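**Student:** Just the structure for this:
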Amino acid sequence: MSPPARSPIWQAARLALGTASALGLARFAYGLLLPAMREDLRWSLAEAGGMGTANGLGYLLGALVTAVLVRRWGTAAVFRTGMALTAVSLGATAAGDDYVTLLAARVAAGATGAVVFIAGGVIASRIAVRAGSGTPITVYFAGTGLGIVLSGATIPALGEHWRVAWSGLAVAAALATAASWTATATEDDARAATSGRARVGALWGPALAYLLFAAGYITYITFLSAYLADRHASLGQVVLTWTTLGLAVVVAPALWSRPTGQWPGTRALATLLAVLGGRAALALVAPAPPVIMASALVYGATFMGVPAAVTALIKRHVPPADWTATLAAFTTVFAAGQTAGPWIAGVVADRTSTEATLAWTAILCIAAAVTAAAGGRVRRRPPRRVAPYDTGSPDEESAHAAGDLPGRAPRDANRQG
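**Tutor:** Numbering: from 1, shown residues only. Got it, this is the predicted structure:
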């Protein structure tokens, strides 16, 4: 490949440190720390799930304000600031053992993580349009796996020293902030294009499926380590399970880039959700170590494909000037599901067993797959015959002025990628 062909992928790879930090470290690493925190702080499963709910609540708040922040300061500045504050919030989680204080730190990590997720997703979508390929989007989401691998390879060995682990995650997030700083260099002038409006009506099926997915998928990762601990899994099994899951997330773009970019309607989304539900059920039905490992492998190779598929649907069916608002709306739906899911699953598990958390994931992901398939007739944007560079609307004119649309006729800019 020539250097120009590599450039968009390299930019997306550095941008992927955003999902590595905001999701891999700030959200999913908690699942590894939960057993030690639960034992040290004498938490019930409902209280442990409450931490996940707090993070989801912060994610919801962040999703609600991101579009306003981007409109005021620009996508690049919001992404960079969100990265820096995510590192600070992780450090704050190591500061004490008061439940309310820890809840506040998890809310803050969720809020900053949502800001990073949305701003980075918009930038990755712009890179994908300029490159004429959906690969930058899947590369961006694959960064989550890097955070999971780092967490899985280091945290279990720290045993009960969960404060040290949170401090280490904060340092890693700070390094990710520095390394990703220049990935947004081409977006500094994009402020004018970030108003727009949310367009969810034509995507009601994916939106509802996204809500169910969000409420279900998070419980698998939140309680996976607790599930393994209840079965007296060895340190080696825990490390291997988590690193396998994280590496599977990293290689997911090779599996799902073509389906999310080329399959019609919501076929890719429904397929991803069906696989997720089936693999969560597999670990429940046959909890032997090899089966759990296979479940984690397939789950890791699939679950981050869902937001990538949703982002691709938005890029394909929504005008570029409305990407930020629409992605923020979908992230709000997603955050609402994540807020409720861990706590409800924790309450159920307290009255039954940790197996209930896997059942919760399986049932909701399968329901989401059915919903996505049923709402698969997504309405496309009507084609318009316009002169080159005449976008036909103030929002899209501002998008051209800010460099959001490539220098070509809208017919090409709206091409599927």
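
**Student:** For the residue nearest to S180 when sequence neighbours are not counted, which residues are in contact?
**Tutor:** Among residues not flanking S180 along the chain, L17 sits closest, at 4.0 Å (Cβ to Cβ, 6 or more residues apart in numbering). Backbone N, C-alpha and C define where each C-beta goes, glycine included. Residues counted as contacts of L17 (Cβ atoms under 8 Å, 6 or more residues apart in numbering) are 83, 143, 146, 176-177, 179-180, 183.

**Student:** cool, and A170?
**Tutor:** Per Cβ under 8 Å, 6+ apart, neighbours of A170: 87-88, 90-91, 93-94.

**Student:** what's the distance between it and Y210?
**Tutor:** Remark: distance between A170 and Y210 (Cβ to Cβ, to the nearest Å) = 30 Å.

**Student:** L364 too?
**Tutor:** With Cβ to Cβ as the criterion, L364 and Y210 are 11 Å apart.

**Student:** Next: T222.
**Tutor:** With Cβ to Cβ as the criterion, T222 and Y210 are 18 Å apart.

**Student:** and if you look at Y217?
**Tutor:** Counting by Cβ to Cβ, the gap from Y217 to Y210 is 10 Å.

**Student:** Which residue comes closest to L245 once chain neighbours are left out?
**Tutor:** G300 (3.7 Å).

**Student:** just checking, the one you found touches G152?
**Tutor:** No. In this structure, G300 is not within contact of G152 by Cβ atoms under 8 Å, at 10.2 Å.

**Student:** Could you tell me which residues touch both of the two?
**Tutor:** Common neighbours of G300 and G152 (Cβ under 8 Å, 6+ apart) are 245-246.

**Student:** Phi first, then psi, for G24.
**Tutor:** Reported as degrees, to the nearest 10, the phi and psi values for G24 are phi -60, psi -40.

**Student:** Can you give me the neighbour number for it?
**Tutor:** 30 (other Cβ atoms under 10 Å).

**Student:** try W323
**Tutor:** Neighbour number of W323 under other Cβ under 10 Å is 27.

**Student:** tell me the mean pLDDT over the helix or strand containing it?
**Tutor:** Following DSSP states H and E, the helix or strand that holds W323 is helix 323-351. Mean per-residue pLDDT for helix 323-351: 78.

**Student:** For that helix, could you pull out the residues that count as buried?
**Tutor:** 323-350 (16 or more other Cβ atoms under 10 Å).

**Student:** tell me the contacts of A335?
**Tutor:** If you count contacts by Cβ under 8 Å, 6+ apart, then A335 has 56-57, 59-60, 62-63, 110, 114, 214 around it.

**Student:** try 7 Å
**Tutor:** When contacts are counted by Cβ atoms under 7 Å, 6 or more residues apart in numbering, A335 touches 56, 59-60, 63, 114.

**Student:** Check Q237 too.
**Tutor:** 228, 289.

**Student:** from here on, count from 63
**Tutor:** In the new numbering, first residue 63, that becomes Q299.

**Student:** continuing past the helix or strand where it lies, what's the next helix or strand?
**Tutor:** Assessed by DSSP H and E, Q299 sits inside helix 297-324. Once the chain leaves helix 297-324, the next helix or strand it forms, by DSSP H and E, is helix 329-347.

**Student:** tilt between that following helix and helix 297-324?
**Tutor:** Relative orientation of helix 329-347 and helix 297-324, computed by axes from the mean of the first three to the mean of the last three Cα atoms, to 10 degrees: 160 degrees.

**Student:** List of residues touching helix 329-347?
**Tutor:** 268, 271, 275, 279, 282, 321-322, 353-354, 357, 360-361, 364-365, 367-368, 371-372, 417, 420-421, 423-424, 427-428, 430-431, 434-435, 438.

**Student:** With only the CA atoms kept, save it in PDB.
**Tutor:** Extracted in PDB, the C-alpha atoms of helix 329-347 (Å, rounded to 0.1, in the frame of the first residue of the first chain):
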ATOM      1  CA  ARG A 329     -28.600  -7.500   8.200                       C
ATOM      2  CA  ALA A 330     -25.100  -7.100   9.700                       C
ATOM      3  CA  LEU A 331     -26.500  -5.600  12.900                       C
ATOM      4  CA  ALA A 332     -29.000  -8.500  13.400                       C
ATOM      5  CA  THR A 333     -26.300 -11.100  12.700                       C
ATOM      6  CA  LEU A 334     -23.900  -9.600  15.200                       C
ATOM      7  CA  LEU A 335     -26.600  -9.500  17.900                       C
ATOM      8  CA  ALA A 336     -27.700 -13.100  17.200                       C
ATOM      9  CA  VAL A 337     -24.100 -14.300  17.600                       C
ATOM     10  CA  LEU A 338     -23.700 -12.400  20.800                       C
ATOM     11  CA  GLY A 339     -26.800 -13.900  22.300                       C
ATOM     12  CA  GLY A 340     -25.800 -17.400  21.300                       C
ATOM     13  CA  ARG A 341     -22.300 -17.200  22.700                       C
ATOM     14  CA  ALA A 342     -23.500 -15.800  26.000                       C
ATOM     15  CA  ALA A 343     -25.900 -18.700  26.300                       C
ATOM     16  CA  LEU A 344     -23.100 -21.100  25.400                       C
ATOM     17  CA  ALA A 345     -21.100 -20.200  28.500                       C
ATOM     18  CA  LEU A 346     -24.200 -20.700  30.600                       C
ATOM     19  CA  VAL A 347     -25.200 -24.100  29.200                       C
END
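
**Student:** now the helix or strand just after it, how far from the chain's geometric center?
**Tutor:** Following helix 329-347 in sequence order, the next helix or strand is helix 351-362 (DSSP H and E). Chain-centre distance of helix 351-362: 20 Å, with Cα atoms, centre = their mean, to the nearest Å.

**Student:** who does helix 351-362 touch, helix- and strand-wise?
**Tutor:** helix 297-324, helix 329-347 (3 or more Cβ pairs under 7 Å, 6 or more residues apart in numbering; DSSP states H and E).
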